[in-house]
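K.L.:
have a look at this prediction, sequence included:
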Amino acid sequence: MIARLKDWILFRGVRRRISFLFLIAAFLPVITLTIMLYGMVAEISHEQDEQKKVETSRAYSIKVYERILFAEAAIQRLSSNPEATWKARDLLFNTVALVAPNGRMLQHTGEPLPASVNEAISLARKSASYPHKAAVHVLKKMDAHAAPAIAISMNRPIPGHPDAILFAVFNPMYLWGDPEAESQEFNTCVYGVDKTQLFCVYSEGSQKDVEQAVAKGAGIWELFLKGRFHGSNWVVATQHRYAAQPTQWQRFFSIYVKVALLSVFLVGFLSLFQIRRTMGPLRKLIDGTRRIAHGDYAPVEIPANNEFRELATAINDMSGRISEQIRTLQEHEERFRHQARFDSLTSLTNRRALFAMLDVLGEDQYVSDLTGVLLLDIDRFKFFNNTLGHRAGDFLLRQIARRLEHLVDDNDTVARLSGDEFVIVLRDCKDREEIRQIVERIIMGMGEPFNVEGNDYALTCSIGVAVFPEDANNPEMIVEAADMAMYESKKKGRNNFQFFIPTMRDSKLNRLRLDTDVRHALERNEFFLEYQPKVNASTGRIVGAEALIRWAYPKLGVVSPDNFIPLIEDIGLMVPIGAWVLETACAQNMAWHQAGFTDMRVAVNISAYQLAHHSLVPTVERVLQETGLPARCLELELTESAIMENFGQGIETIAKLRSLGVHLSLDDFGTGYSSLYYLKHFPVHFVKIDRAFISDLTTKDEDAVIVRSIISLAHDLQLQVVAEGVETIMQRDLLLASGCDEFQGFLFARPVVGDEVKRLLERQKRDA
C-alpha cells in the first residue's frame, strides 16, 4: 500500500497533465459537434413538425371539401323532389328553406335560421345570380360566443316554384366532423374572410397559437371555394394542442446530457488507462524486482516494444534462471521425500516408512493396546505375472492396493513390503479376536474377482498375523514373526491365515533350507515318481496308475509333496518340473506297454501354472511323439480351481488336449466350485471324488448322499467316476453299490515305484 502511494506521488504531475490533455482533446470536438448537431436537429425537427401540421391541415381541408361536394349533390336531389326534403331531412343539414325571388319564405323545415330572415333573403337573391350552381355562405353570428353557421344555396327550377331558391344550413357535426375522430396531438381550426374563426376541433387555449400561426402563415392549407361555390376561400390552420409538449430538440438535449456525462466518464477512464499504459511498465519493473526478493518469480509483462521491454526481458531472464534452479531443487526434494515414504507403483507406504512408523508406534504404545501386524502374500502371483505379463501384473498390484485400503479403517496402515507382499498395521485393537475378525474380512474381500484387461481373475491370499508387543517388541522382529506365520498359512493350503507362535521359528529355518536345495533338485536327479494303482470297480483289476512326485532330499530323506510343491510354485519351477513328470510317467507307461500291459493308463496331475502356460499342449504332443505312448493311455488330472482361475482360456486349452486323444479327469470334485453350470462345460472323461467325502462315507449320512449324487450326476453327463482315498471294505462296498466305476486307495495299493507296479500287473495276470 505504501509503495503504491509512493508511485502515485511520483507520477501525479504526469498523470495530471495527461488527464488534462485527454479532457481538452475530448471536450473540444464533443462541444463543437454538439452545437452543430443541435442546430441541424432543431432545424430538421422544425421542418418535419411544420410539414406534419401542413399535412394535417391539408387532410382536414380535403375532408371538409368532400362533405361540401356531397352536400351539393344532396341539394340537387332535393331540388328534383322537394317534398322529400320536408319529410325526411337527413343529417347533412339543420335547416332547409325554399325562398322566392322576392325574398318571401315559401317553405321551411328544421331548426330556425341562425341569421335573420333578411340575411337569408339577401343570400338567396345573391344565389340567383348563379343559376343552376351552388353557393356556400358564412352566416353572421347571432351570439358572440357561438360559431358562425355555414349555409349552401342553389338557384335551380323546382316543380311548382320555377324561380325559387333552395337554402340549407349545414349540420356542424356533419360539416366539421366528429372531434374525437381527429388527432389528439393537434388542434385544427378553419378561418373565413378577415380571419374569422369558423370552427376549431378543440375549443381551448391552443386557439391563440393557431391564430398566431395563421398570422405567420405556418401550418396552414387554403380551402378554395371561390371557383366552384362562389364564396370566399377558407384557411385551415393546425398547431400543437399543448404548448408545453416536449419537442424533438428537447428530447435530443435530454439524451445529449446523458451522453455528455458518459463521455466524461469515458474520458476519465481512458485517461487512467492511458496513464497506466504509459507509467505502468516502470511500476511493473519495480514490483517485479520486489517479487523476486520475496520468492515470486513471475515474469514482468511489458507489451510495448521500448526500453522498458528490454529491461523487463533482462529481469525476466534473471528471474527465470533463479526460479528454475529453485524449482528443480524443490522437485528433487519433494521426489526424494515421496520416495522415502511411498511405494512408486502402488503409492502405499513403503518399507522404510513402515519400519519408521512401527518404531514410533512401539515407543508410544500403551500396555493395554494391541497392534496387529499382518503380512499378506498373494498366492501364486508369479504365475499371474508371468502369464499375463508384467504390465498387467503391475496393474493388478495397484488394484490390490486400493482394495486393501478399502477393507481397513482410515486409522490403519497398508504398506507394500516387496513384490506381492503387503503389510497391514491394525491399530488400537482390544484383543486377538478383534484382529481375527478383521483378517477374516480381508480374506473374504480379497476373494472377489479382479478385472484385468477385461477379464475377471480370482485371487487368494495367505496372511500371517503377529501381535505387537506380545510376539515382538521391535519392527524387524514383529514383521519377521508375521512372515513366519504367513508361510505357515501357505503350507496349510493357502487362502487362510495363521497367528504367529514361537515354534514357527524352527519351521522357517527348515523352509529356508528347502527353498535353497529344491532349486537344484531337478538337475541333481533327486526327484522320482511313485504310482498309485487304480482298479476297475467291477473286476478289481488294475487299469491305470496316478503318478506322484517325490523328493529324495539327501539332508532330510524323502520330503512330502505338501512341503516342497508350494516352494516350486513360488520360485517358478512348476512348468519345467511338470514337464519332467509328464516325460517320466509316459516313458514308464510305455515300458509297461512293452511288457504286455497295453491297456494301462497313467495319470499325471496338471497344476494351474501349467494349464495357463502356452507350452502345455505342445509339451504333451512332444512327449507322446517322443515316447510313442498312445494318447488314449495318458490321463491328465485337472482341478476345478485351476480351470476356474481363467475359465475361458482353461476350457480352450482342455479342448485342445482332448483333441489330441488324451483322457481328462476332473480331480478333487466337490471341494472347488462344484457348479453344475461349469461342470457341463468341462470336456472331461472322468470325475474324481475327493477323499474328504470318502473318509466319512460310512459314518456320515450326508457324505453318502453327496457321493451318490455326484455319481448319478456324472453318469447322466456320460462321465466315469473315480473314488480316491478308499481304505476300507465298507467304503468300497458302498461305492460299488452306488455305481462307482474305479477305485484308488490304500485298500488296493499304496503308491509304489514303477517296477513294483509291473510286478503287481504280472501277479494280476497270473492270478487271472
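P.N.:
Perfect, I can see it now.
K.L.:
just so I have it, where are all the helices in the stretch 201-350 of the chain?
P.N.:
207-216, 226-229, 248-293, 307-341 (DSSP state H, counting those that start in this stretch).
K.L.:
looking at these, which has the lowest confidence?
P.N.:
Ranked by mean pLDDT, the helices of the stretch 201-350 of the chain end with helix 207-216 in last place, scoring a mean of 62.
K.L.:
tell me which element Q731 is part of?
P.N.:
Assessed by DSSP states H and E, Q731 sits inside helix 729-738.
K.L.:
quick one: contacts of that helix?
P.N.:
Outside of helix 729-738, the residues that reach it under the criterion CB atoms under 8 Å, 6 or more residues apart in numbering are 537-538, 694, 697-698, 704, 707-708, 711, 723, 726, 743, 745, 747. All C-beta atoms are positioned from the backbone trio N, CA, C, and that covers glycine.
K.L.:
try stretch 745-757
P.N.:
With CB under 8 Å, 6+ apart, stretch 745-757 has contacts from 528-533, 535, 540, 542, 545, 548, 588, 591-592, 691, 694, 723-729, 731-732, 760.
K.L.:
returning to what we had before: so how far is the very next helix or strand once past the helix holding Q731 from its chain's centroid?
P.N.:
Going down the chain from helix 729-738, the next helix or strand is strand 742-744, by DSSP H and E. Offset of strand 742-744 from its chain centre (CA atoms, centre = their mean, to the nearest Å): 62 Å.
K.L.:
and if you look at stretch 737-748?
P.N.:
64 Å.
K.L.:
isn't I710 right next to K688, touching?
P.N.:
No - I710 sits out of contact with K688 when judged by CB atoms under 8 Å, with a separation of 10.0 Å.
K.L.:
need the residues touching each of those two.
P.N.:
Joint contacts of I710 and K688 (CB under 8 Å, 6+ apart) are F669, V721.
K.L.:
the two: who's more crowded?
P.N.:
Neighbours per residue (other CB atoms under 10 Å) separate I710 from K688, with K688 holding more: 27 against 24.
K.L.:
ok, now which ones touch that one?
P.N.:
K688 touches E637, S665, L666, D667, D668, F669, V721, V722, A723, E724, Q744, counting by CB under 8 Å, 6+ apart.
K.L.:
who wins on neighbours among the residues you listed?
P.N.:
Most surrounded of the contacts of K688: other CB under 10 Å gives A723, at 30 neighbours.
K.L.:
that one reaches A714, doesn't it?
P.N.:
No - contact criterion CB under 8 Å: A723 and A714 do not qualify, at 11.1 Å.
K.L.:
count the neighbours of the closest residue to D369 other than its chain neighbours for me.
P.N.:
The shortest distance from D369 to any non-neighbouring residue, by CB to CB, 6 or more residues apart in numbering, is to D428 (5.6 Å). The number of residues packed near D428 is 15, by other CB under 10 Å.
K.L.:
kindly report the same for I565.
P.N.:
I565: 18 surrounding residues under other CB under 10 Å.
K.L.:
so where is the stretch 101-250 of the chain shaky, pLDDT-wise?
P.N.:
103, 113-132, 141-145, 204-218, 242-250 (pLDDT under 70).
K.L.:
just so I have it, where are all the strands in it?
P.N.:
Applying DSSP state E, counting those that start in this stretch to the stretch 101-250 of the chain gives strands spanning 105-110, 134-138, 150-155, 165-170, 186-191, 197-200, 220-223, 234-240.
K.L.:
tell me how far the third one lies from the chain's centre.
P.N.:
Spelled out, it's strand 150-155. 91 Å.
K.L.:
cool, and the first one?
P.N.:
Centroid displacement of strand 105-110 relative to its chain, using CA atoms, centre = their mean, is 97 Å.
K.L.:
same question for the second one.
P.N.:
Relative to its chain's centre, strand 134-138 lies at 90 Å (CA atoms, centre = their mean).
K.L.:
just list the residues touching E182, thanks.
P.N.:
Here E182 is in contact with Y60, T188, V201 (CB under 8 Å, 6+ apart).
K.L.:
export those residues to JSON lines and tack on distance to I31?
P.N.:
Below are the contacts of E182 laid out as JSON lines (distance: CB to CB, whole Å):
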{"residue": "Y60", "distance to I31": "43"}
{"residue": "T188", "distance to I31": "41"}
{"residue": "V201", "distance to I31": "43"}
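K.L.:
most neighbours, which of the residues you listed?
P.N.:
Neighbour max across those (other CB under 10 Å) = T188, 28 neighbours.
K.L.:
grab the nearest non-local neighbour of A591.
P.N.:
Nearest to A591 is G754, by CB to CB, 6+ apart, at 7.0 Å.
K.L.:
can you count the residues close to the one you found?
P.N.:
Neighbours around G754, by other CB under 10 Å: 20.
K.L.:
so how far is A547 from it?
P.N.:
9 Å (CB to CB, to the nearest Å).
K.L.:
domains in this protein, by residue range?
P.N.:
Following automatic domain parsing, the chain resolves into domains at 58-240, 248-337, 342-502, 518-767.
K.L.:
quick one: closest of those domains to I24.
P.N.:
With respect to I24, and counting by CB to CB, the nearest of the domains of the chain is domain 248-337 at 9.8 Å.
K.L.:
just the contacts of helix 729-738: which are in strands?
P.N.:
Among those, the ones falling in strands (DSSP state E) are A723, F743.
K.L.:
re earlier: now, of the contacts of stretch 745-757, which are buried?
P.N.:
Neighbour-count burial (16 or more other CB atoms under 10 Å) is assigned, among the contacts of stretch 745-757, to 529-533, 535, 542, 545, 548, 588, 591-592, 691, 694, 723-726, 731-732, 760.
K.L.:
please look at K133 and N155 and confirm they touch.
P.N.:
Yes - between K133 and N155 a contact is recorded at 7.2 Å, counting by CB under 8 Å.
K.L.:
who has more neighbours out of those two?
P.N.:
N155 (23 against 15).
K.L.:
for L747, see how far away the more buried one is.
P.N.:
Using CB to CB, N155 is found at 160 Å from L747.
K.L.:
hang on, the earlier thing: of the contacts of K688, closest to F497?
P.N.:
Of those, the one sitting nearest to F497 (CB to CB) turns out to be D668, at 22.3 Å.
K.L.:
surely that closest one meets L638?
P.N.:
No - D668 lies out of contact with L638 (CB under 8 Å); the separation is 9.6 Å.
K.L.:
may I ask you to confirm that G464 is in contact with L375?
P.N.:
Yes - counting by CB under 8 Å, G464 does reach L375; the two are 4.6 Å apart.
K.L.:
mutual contacts of these two, please.
P.N.:
Once CB under 8 Å, 6+ apart is applied, the residues that G464 and L375 both contact turn out to be A482, D483, A485, M486.
K.L.:
most neighbours among those, which one?
P.N.:
Neighbour-wise, the shared contacts of G464 and L375 (other CB under 10 Å) top out at A482, 29 neighbours.
K.L.:
can you give me the distance of it to V423?
P.N.:
For A482 relative to V423 (CB to CB), the value is 7 Å.
K.L.:
which residues do these two both contact?
P.N.:
V373, L374, L375.
K.L.:
make a ChimeraX selection of whichever of those turn out to be buried.
P.N.:
Restricted to buried positions by 16+ other CB under 10 Å, the ChimeraX selection for the shared contacts of A482 and V423 reads:
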select :373,374,375
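K.L.:
quick one: pLDDT of H663?
P.N.:
Confidence for H663, expressed as pLDDT, is 95.
K.L.:
that older thread, including distance to T32, could the strands of the stretch 101-250 of the chain go into JSON lines?
P.N.:
Below are the strands of the stretch 101-250 of the chain laid out as JSON lines (distance: least, CB to CB, whole Å):
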{"stretch": "strand 105-110", "distance to T32": "68"}
{"stretch": "strand 134-138", "distance to T32": "55"}
{"stretch": "strand 150-155", "distance to T32": "56"}
{"stretch": "strand 165-170", "distance to T32": "58"}
{"stretch": "strand 186-191", "distance to T32": "36"}
{"stretch": "strand 197-200", "distance to T32": "45"}
{"stretch": "strand 220-223", "distance to T32": "37"}
{"stretch": "strand 234-240", "distance to T32": "32"}
